[in-house]
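*Asks:* Generate a structure from the sequence data that follows.
(4 chains, ligands or ions: 2)
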Amino acid sequence: MSLDDLYREVILDHYRNPRHRGRLDHATGHAEGQNPLCGDEVSLDLVVEDGRVTEVAVTGQGCSISQASASMMADIVIGKTIEEIAEISRRFRAMMDLDEGDPGIDASRPGEALGDLEALQGVRRFPVRIKCANLPWATLQEALQGPA
Amino acid sequence: MSLDDLYREVILDHYRNPRHRGRLDHATGHAEGQNPLCGDEVSLDLVVEDGRVTEVAVTGQGCSISQASASMMADIVIGKTIEEIAEISRRFRAMMDLDEGDPGIDASRPGEALGDLEALQGVRRFPVRIKCANLPWATLQEALQGPA
Amino acid sequence: MEGRPISGLARLRDDFPILSTEMNGHPLAYLDSAATTQKPVQVLDAMDAYYRTTNANVHRGAYLLATRATEAYEGARAKVAGFVNAASPQEIVFTRGTTTGINSIAFGWGLYHLREGDRILLTMLEHHANLVPWQLVARHTGAELVYLPLTSDYLIDTAALEGLLDERVKVIAFSGMSNVLGSIGPIEVLGEAARSVGAITVVDAAQMVPHMPVDVQALGVDFLAFGAHKMLGPTGIGALWGSMERLEQLEPSEGGGEMIRDVGLYESTWTDIPHRFEAGTPPIAEAIGFGAAVDYLEAIGMEVVRSHEESITRYALERLAEVPDLRVYGPDHLSQRGGAVSFTLADIHPHDLATILDQQGIAVRAGHHCTRPLHRLLEVPATARASFYVYSIPEEVDRLVAALHEARRIFGVA
Amino acid sequence: MEGRPISGLARLRDDFPILSTEMNGHPLAYLDSAATTQKPVQVLDAMDAYYRTTNANVHRGAYLLATRATEAYEGARAKVAGFVNAASPQEIVFTRGTTTGINSIAFGWGLYHLREGDRILLTMLEHHANLVPWQLVARHTGAELVYLPLTSDYLIDTAALEGLLDERVKVIAFSGMSNVLGSIGPIEVLGEAARSVGAITVVDAAQMVPHMPVDVQALGVDFLAFGAHKMLGPTGIGALWGSMERLEQLEPSEGGGEMIRDVGLYESTWTDIPHRFEAGTPPIAEAIGFGAAVDYLEAIGMEVVRSHEESITRYALERLAEVPDLRVYGPDHLSQRGGAVSFTLADIHPHDLATILDQQGIAVRAGHHCTRPLHRLLEVPATARASFYVYSIPEEVDRLVAALHEARRIFGVA
Ligand SMILES: Cc1ncc(COP(=O)(O)O)c(C=O)c1O
Ligand SMILES: Cc1ncc(COP(=O)(O)O)c(C=O)c1O
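*Replies:* Numbering: from 1, shown residues only, chains lettered A, B, ... in the order given. Ligands and ions are numbered 1, 2, ... in the order given. So this is what the prediction gives:
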């Protein structure tokens, strides 16, 4: 496993130029995630309208994996319905090997339809870092539940 | 080293029939000694007149060695001057090997002039028990210093 | 007398190197397992291997070695949780030992929830570890200590609850198994009593967890403290089990690294349970050893441990009954007691007894066994205590009894 | 650059089995000794031998085995006392570690002697272990926390004492050596300052005692807390040194067995110092291991340890200066610092750095190192830290530097 596979260019790009940074004052959902062991932080504001996420804003700090993952996640979920997001999240977890052998996912191509997120596939070989990649998704889960 | 040498008859006699038990209401000195590790207790009241111990009363509880030692000690110190007691105490410590090679003491016969206390010689071979034998003497030291 | 039991566990003595040593020219007969147990090589090797291959500080390292250390440490937590059937590993807090576990409840719960007029209900057979922390907290808060007496057969007297149990009682703290009498505590009854008045229950399980199967979910209590060194594990570590509901009411009694979420200059927030109760670098190698001890005991099976101890205790009680002038303090019924057998022999002081036995290589404890109030109640300043564990064999009981006869001779007991 | 120092201590690497293992296919380069050190076989063997030949509970046994265990345990205390030149072994309290040591002063002294209006003077570089306990005690007592700032070269700014030192200050607590910056604390100055206003001084010596000669009688402070696991010893044990005068003002922060003189139903009295501060069964085997670690360090000589670390740290600072965009946080002068070297590299997050180094078998720590207030002051959320000990060799520094260049390449740092 090479480090160049972990730190793909697209990841470094999202790390250095994170999309959708900021806060929303009209958010319908908000959550803060922290990885107490390494200190990574992701904070999400989002707007859900008619069962569809219309806006996402991200703040936080941490390693390239957690921050790039947040940026990519924001990119992909905007405009998607809650159901679509659940499916993406499921594929993401399968790619990270978080739910061993999810039968609904083609194991040979779990990253399919994940867009840039597919670049995070390499993380799977670095078990300590999987929680970095997953932090934004766990936070999203929470933000989708609670009010701002 | 045989246990019969440790538990000589005279020791068991003092243990079972301790001399000078009780309290003195006109004591000029009092002290309480405790061996926190094994729980032995010795409490002494005494009267010193003109540099001479005229009365001693002992209470306490504990193993045969500590209680016999207290009884024998009371026996021997009554009527003695402070200086004489210091000399006896020194011999006792030498017998117990507490002051290694005290030059003033004939090492071959340290117990000389200790009376019944000589019977405690066997304790020396049971290092854990030396502090039991010595407890009354340490307490006496204190009682000779302080007021009642 | 039923004759010497056959010890099915005798073969495992080979796992305990110390049991093959000599003391005072005799093979060691180690009859002081209630104070601390001996350790099998499996436990020693697990710790040694940890230090030789995996040692790193836990929870904060991004490198492989630290990950492995963290997994080993958390893996040990899961083993201990499984051993007492905790609902989840999060309900297990690693402590320094039983004493620290009880103190952390007294100071982390008592100090924050008790006030003047409140009562802490204890029993007359408690170890100092389950008395002194409550005395300290009572002093700090103004709460009052109240004691359950014992029955004539040395059990905690639950009949006395009648007069003592009311809404003022906020804590019931008691021993699951007495280290002196062997008495097994009326856990369910006291748990029930506590629930009826909204009190918390704290079980001093220092002797219970090592010696019998324990299922915390079935017991109906709130906290249970025990230590590794009395169950084949190393010194320096213990565990506090608490129900998640009660752990959430507990404040950390130590502050420092690893237990925080964030630290500001003037205030801090705590991380999740159980780590918020584990300030500083934890006893890592000791946790590994604790886990290995649990593995060892589970391989035997706690039912087997318990029945082995019942049979050796039965044998000991029978044989001790042959010694004239010997008095045992503790319940007669095997079902009500564990393998700590405390006794006095005529007017021979227990320390003298211990010395005489020691000369035969037999290690028993003499003293108040950290239960002075109980000894005052028994009206003896000290007792001698023989206590057994998985490696104890009937031959050791035979040697004990022979040496007690010898003690009678030396002391000229007629 | 002066070239690679010759390491006089390189041969002792054979005593540390873990240093011959591989990580991720490379020989382990363990550069995280500030978190915990590796252990020589001498320490492991001492503990193993204790369990195999001498294991018994201490202080209460009248039998030979228990006497030997007690002597070994108290012998370890004497070794630790000698190591820091305490006036007597009684001035050494065995604790669970640095964190517990500091907590026991905060709760055993602070809780009893502090009140509203009093001040606790800390510094901006403290480890959470020397912050959170004081925050807790401040909350309980109403005392106020005050902070000494740092100078531009990362040292505790004693000039700021001017505005902060007055009779309200009752405690000055500070690190003897920073675990992040390496900065050596101005111990004498702060000790002097404390005496001038009657405050007590508490030194967090977690990093100091392992890395330089310490003579507590010469320092002029009141308390010094350190742990074994950062000085070749086992986890699960540390020591608190206190002057006898101050130890007499300290209340026990835990109650239980072994620490009492007498226990009644409602009140108890304490036994002598230091045992009154050691409730319950202590970490016995760990004390033996601690003693063996002290023996090992004394055989090397703490002057040699210190000069070895100075030379390897000098080499590290020189080589790290070759890496573009790398910034070291800490004093430049070797005389003012120990061997913890914290740094950031361009915009590469320290966790990413740690992962990249880990792939080369190099273990460094990344994060806030339990010093969040300091990291806020440094305006970085995290740093990477390489830290050295007696077994560290220049080759490890070379590998670190090469891997940092590789990290720049991977992250495309121009
Ligand atoms: C400066 C400093 N203080 C305190 C501590 C806490 O030590 P421990 O975790 O061993 O209790 C550490 C180590 O983590 C440290 O580096
Ligand atoms: C019943 C009981 N409670 C508490 C303790 C204290 O355990 P530790 O000394 O391991 O903290 C003991 C053992 O000494 C015990 O037997």
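*Asks:* mind checking pLDDT for the nearest residue to residue C:237 once chain neighbours are set aside?
*Replies:* Leaving aside its chain neighbours, residue C:237 sits nearest to residue C:286 (3.7 Å; criterion: C-beta to C-beta, 6 or more residues apart in numbering or on different chains). C-beta coordinates here come from the backbone N, C-alpha and C atoms, glycine included. For residue C:286, the model assigns a pLDDT of 98.
*Asks:* who are the neighbours in contact with residue C:286?
*Replies:* Going by C-beta atoms under 8 Å, 6 or more residues apart in numbering or on different chains, residue C:286 touches C:47, C:228, C:233, C:234, C:235, C:236, C:237, D:235, D:236, D:283, D:286.
*Asks:* from these, which ones fall inside helices?
*Replies:* Among those, DSSP state H puts C:47, D:286 in helices.
*Asks:* Mind putting the contacts of residue C:286 into JSON lines with distance to ligand 1?
*Replies:* Below are the contacts of residue C:286 laid out as JSON lines (distance: C-beta to the nearest ligand atom, whole Å):
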{"residue": "C:47", "distance to ligand 1": "18"}
{"residue": "C:228", "distance to ligand 1": "19"}
{"residue": "C:233", "distance to ligand 1": "21"}
{"residue": "C:234", "distance to ligand 1": "17"}
{"residue": "C:235", "distance to ligand 1": "17"}
{"residue": "C:236", "distance to ligand 1": "13"}
{"residue": "C:237", "distance to ligand 1": "15"}
{"residue": "D:235", "distance to ligand 1": "8"}
{"residue": "D:236", "distance to ligand 1": "10"}
{"residue": "D:283", "distance to ligand 1": "13"}
{"residue": "D:286", "distance to ligand 1": "12"}
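*Asks:* Can you tell me how far the spatially most central residue of chain C is from residue C:88?
*Replies:* Geometric centre of chain C, nearest residue: residue C:206, 1.2 Å, by C-alpha atoms, centre = their mean. Separation of residue C:206 from residue C:88 (C-beta to C-beta, to the nearest Å) stands at 23 Å.
*Asks:* What of residue A:87?
*Replies:* 30 Å.
*Asks:* Read off the pLDDT value for residue 106.
*Replies:* I'll assume chain A. Reported pLDDT at residue A:106 in the predicted model: 59.
*Asks:* wrong one, chain C
*Replies:* 98.
*Asks:* ditto for residue C:95
*Replies:* So residue C:95 comes in at 98 (pLDDT).
*Asks:* that older thread, more crowded one of residue A:87 and residue C:88?
*Replies:* For residue A:87 versus residue C:88, neighbours defined as other C-beta atoms under 10 Å in any protein chain shown are more numerous around residue A:87 (15 against 12).
*Asks:* Could you list the low-pLDDT ranges of chain A?
*Replies:* For chain A, the stretches with pLDDT under 70 are A:1, A:99-112, A:146-148.
*Asks:* Quick one: name the residues of it near chain D.
*Replies:* Applying C-beta under 8 Å from any C-beta of the partner chain, we find that chain A lies next to chain D at A:3-4, A:6-7, A:9, A:12, A:16, A:38-40, A:61-65, A:67, A:126, A:128-129, A:132.
*Asks:* now these: which count as buried?
*Replies:* Buried subset of these (neighbour count, 16 or more other C-beta atoms under 10 Å in any protein chain shown): A:3, A:6-7, A:12, A:38-40, A:62-65, A:67, A:126, A:128-129, A:132.
*Asks:* outside of the helix or strand containing residue C:404, which residues touch it?
*Replies:* Under the criterion of DSSP states H and E, residue C:404 resides in helix C:394-410. Helix C:394-410 has contacts (C-beta under 8 Å, 6+ apart) with B:3-4, B:7, C:4-5, C:7, C:29-31, C:312, C:315-316, C:319-320, C:322-326, C:345-346, C:348, C:352-353, C:356-357, C:360-362, C:364, C:386.
*Asks:* if I pick the residue of chain C most remote from its centre, what's in contact with it?
*Replies:* Largest separation from the mean C-alpha position in chain C: residue C:265, at 39.6 Å (C-alpha atoms, centre = their mean). Shown in contact with residue C:265 (C-beta under 8 Å, 6+ apart): D:131, D:145, D:147, D:373.
*Asks:* my guess is the second one contacts residue D:134, does it?
*Replies:* To tie it back to what came earlier, the one meant is residue D:145. Yes - if you go by C-beta atoms under 8 Å, residue D:145 and residue D:134 touch, sitting 6.2 Å apart.
*Asks:* Find the residues that touch each one of the two.
*Replies:* Overlap of the contact sets of residue D:145 and residue D:134 (by C-beta under 8 Å, 6+ apart) consists of D:120, D:122.
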